[in-house]
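1. Sharing a model prediction with you, sequence too.
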Amino acid sequence: QVQLVESGGGLVQPGGSLTLSCVASGFSFWKETMYWYRQAPGKERDRVALISSFGPMTDYADSVKGRFTISRDNAKNTVYLQMNNLNPEDTAVYYCQTRVSGLDYWGQGTQVTVSS
């Protein structure tokens, strides 16, 4: 079955960096567009970034453009989110997501807390 497992979250000071990873299994990873979402307490889950299967092409939410970079390693079935210059507004649970055969799949999420 499709599984997405995120890791790499943690506590970081403002201005710091983190890299999130999402290891995928159970489907042809190289074929699918991969997404990162985040959900802050009391807020809706918002898309942060996506990376297509071919190209690959990337797209970012305005709030993270120039600070976050999404990438993928098809040999490792892994998608990454490099996050730089973090600020407290980036505090959220970050989720990896994909759609396979018309169904949406989510990871369990990884907590990112930006605080001094």
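-> Looks like it came in fine. Numbers count the residues shown, from 1 in each chain.
2. Distance from the chain centre to stretch 71-91, please.
-> 5 Å (CA atoms, centre = their mean, to the nearest Å).
3. avg pLDDT for it?
-> The pLDDT scores in stretch 71-91 average 97.
4. Which residues does it contact?
-> 12, 14-25, 29-30, 34, 36, 38, 40, 48-49, 51, 56, 63-64, 67-70, 94, 96, 112-115 (CB atoms under 8 Å, 6 or more residues apart in numbering). The C-beta positions use only the backbone N, C-alpha and C, and glycine is treated the same way.
5. now, which of those residues lie within strands?
-> Judged by DSSP state E, strands contain the following of the contacts of stretch 71-91: 12, 18-25, 34, 36, 38, 48-49, 51, 68-70, 94, 96, 112-114.
6. Wait, residue 25 touches residue 98, no?
-> No. Using CB atoms under 8 Å, residue 25 is not in contact with residue 98; the gap is 11.3 Å.
7. Of those two, give the one with the bigger neighbour count.
-> residue 98 (23 against 11; other CB atoms under 10 Å).
8. coming back round to it: from the contacts of stretch 71-91, which would you call buried?
-> Among those, those that count as buried by neighbour count (16 or more other CB atoms under 10 Å) are 12, 18, 20-24, 29, 34, 36, 38, 48-49, 51, 56, 64, 68-70, 94, 96, 112, 114.
9. and the closest residue to residue 26 other than its chain neighbours, what does it touch?
-> Using CB to CB, 6 or more residues apart in numbering and skipping residues adjacent in sequence, the residue nearest residue 26 is residue 2, 4.2 Å away. Residue 2 makes contacts with 24, 25, 26, 27, 98, 100, 103, 105, as judged by CB under 8 Å, 6+ apart.
10. Need these in TSV (columns: distance to residue 87 and pLDDT).
-> Listed next are the contacts of residue 2 as TSV, based on distance: CB to CB, whole Å; pLDDT from 0 to 100:
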residue	distance to residue 87	pLDDT
24	29	98
25	33	98
26	35	97
27	34	97
98	27	98
100	34	96
103	34	97
105	29	98
